[in-house]
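1. Dropping a prediction and its sequence here:
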Amino acid sequence: MLPILYGLVMTLLSCQPANDKAADQATGLTLAPDFSFDYRLDDPDEAFKLPNELEEISGLGISEDGEELVAVQDEEGILFFINPYNGEVTREAKFWKDGDYEGVEWVGNTIYVVKSTGTIYEVMNPAKANQTVEKYNFFLNDDNDVEGLAYDKANNRLLLACKAQAGHEVEYPHKKGIYAFDLKEKVLQEQPVYFVDADSVRHYLDQAPAIRKLEKLMEFFDPGEAFGFSPSAIAIHPLTGHLYITSSVGKMLLVLDRSGRILHIEKLSKKVHPQPEGLCFDPNGGLYLSNEGKGGTPKFYRFNLKPRN
């Protein structure tokens with residue numbers, strides 16, 4: 001059954017807020033009793049400046065061993081390979097002509113890039129003399145505005161997160177859709193496999209009186225306003241399998257479990273994250289988050305896993 005978040009509202013209603021946990025988190029809220037948000041996203045463990053050509057960095061991925069990052073920006077069809085320990089761009093590889101590239105993922109010896117229109121580029125043997133590229137077009141388009149790409153290893157698929165319209169033939173009001181691309185069959189599933197649902201988010205927030213102290217969260221998800229959460233990046237945690245989704249609009253991060261249940265909502269600091277556009281994890285759970293320069297210096301940060309217990 002499609003794990004629509006709205007259908008899990010009753011689950012959320014049964015969750016009681018942990019007052020000590022909520023009070024300990026000045027920028028976020030966890031209601032799920034079986035989850036702990038173990039990152040301090042306002043306090044990076046490492047911060048690296050990127051070159052000006054990555055001012056509009058729009059996607060971030062990582063090699064299977066965690067020893068190299070790969071990035072794209074939303075103007076040129078170039079892969080930028082980055083040393084995760086010092087932030088240096090070590091090499092570049094042209095894979096296609098200029099375009100609006102929004103997400104990148106590294107799967108074995110292949111790198112996948114997604115365009116805002118939903119077009120997927122399969123770059124085999126990247127940055128090598130025998131590099132080849134396969135292009136896949138489906139039903140998504142500019143109206144959907146795909147911005148996030150994640151590798152779902154457990155299901156051998158990629159997840160594509162839409163910033164704008166959730167569907168293509170069916171209307172999904174007040175929802176943002178996440179589609180699945182089967183890596184074996186090379187087919188994009190016709191219906192979203194996950195939704196981020198406005199009603200479910202608001203029901204979630206209504207369960208905790210402590211959230212009233214987080215005014216910016218309440219204002220962003222005001223029921224009198226349009227649903228502003230607009231996925232800009234998505235990644236799957238390597239240790240838990242949870243989905244982490246950022247929204248540059250509103251400076252927000254949402255954590256879902258595999259069923260689509262909301263586990264945590266985090267308000268990102270605008271000073272630290274002026275425009276969060278890239279997200280990935282190393283094999284040990286280290287979180288990497290990149291930000292566009294917005295006229296200044298683009299950066300990426302590393303946040304180490306810091307269990308609260």
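-> Yes, it's here.
2. Pairing partners for the most centrally placed residue in the chain in the sheet, please.
-> The residue lying closest to the centre of the chain (Cα atoms, centre = their mean) is residue 234, at 1.9 Å. Under DSSP bridges, the beta-bridge partners of residue 234 are residue 245.
3. Let me see the contact set for it.
-> With contact set as Cβ atoms under 8 Å, 6 or more residues apart in numbering, residue 234 has these partners: 103, 148-150, 159, 161, 178, 243-246, 279. C-beta here means a position set from N, CA and C on the backbone, and glycine is covered the same way.
4. Apply 10 Å and report the result again.
-> With contact taken as Cβ atoms under 10 Å, 6 or more residues apart in numbering, residue 234 is in contact with 103, 105, 147-150, 152, 158-161, 178, 194, 243-246, 254, 256, 279-280.
5. mind listing which of those are in strands?
-> The strands, defined by DSSP state E, take in 103, 105, 147-150, 152, 158-161, 178, 194, 243-246, 254, 256, 279-280 from those.
6. where does this structure have low pLDDT?
-> The chain contains residues with pLDDT under 70 at 1-26, 208-213, 309.
7. Which parts of it are helices?
-> With DSSP state H as the criterion, the chain has helices at 9-13, 19-24, 198-206, 215-220.
8. which helices and strands does the longest one pack with?
-> Using 3 or more Cβ pairs under 10 Å, 6 or more residues apart in numbering; DSSP states H and E as the contact criterion, the secondary-structure elements in contact with helix 198-206 are helix 9-13, strand 175-182, helix 215-220, strand 252-256, strand 262-267.
9. and the angle from that helix to strand 252-256?
-> Per axes from the mean of the first three to the mean of the last three Cα atoms, to 10 degrees, the angle that helix 198-206 makes with strand 252-256 is 90 degrees.
10. Was I right to think residue 308 contacts residue 264?
-> No - using Cβ atoms under 10 Å, residue 308 is not in contact with residue 264, being 12.0 Å away.
11. neighbour-wise, which of those two wins?
-> Neighbours were counted for residue 308 and for residue 264 using other Cβ atoms under 10 Å; residue 264 has more, 21 against 10.
12. what about the closest residue to the more buried one other than its chain neighbours, how many residues close to it?
-> Nearest non-adjacent residue to residue 264, counting by Cβ to Cβ, 6 or more residues apart in numbering: residue 255, 4.1 Å away. Residue 255 has 22 neighbours, counted by other Cβ under 10 Å.
13. before we move on, back to that, take the helices and strands packed on helix 198-206 and lay them out in a markdown table including distance to residue 46.
-> Putting the helices and strands packed on helix 198-206 into a markdown table (distance: least, Cβ to Cβ, whole Å) gives the following:
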| stretch | distance to residue 46 |
| --- | --- |
| helix 9-13 | 35 |
| strand 175-182 | 29 |
| helix 215-220 | 26 |
| strand 252-256 | 18 |
| strand 262-267 | 19 |
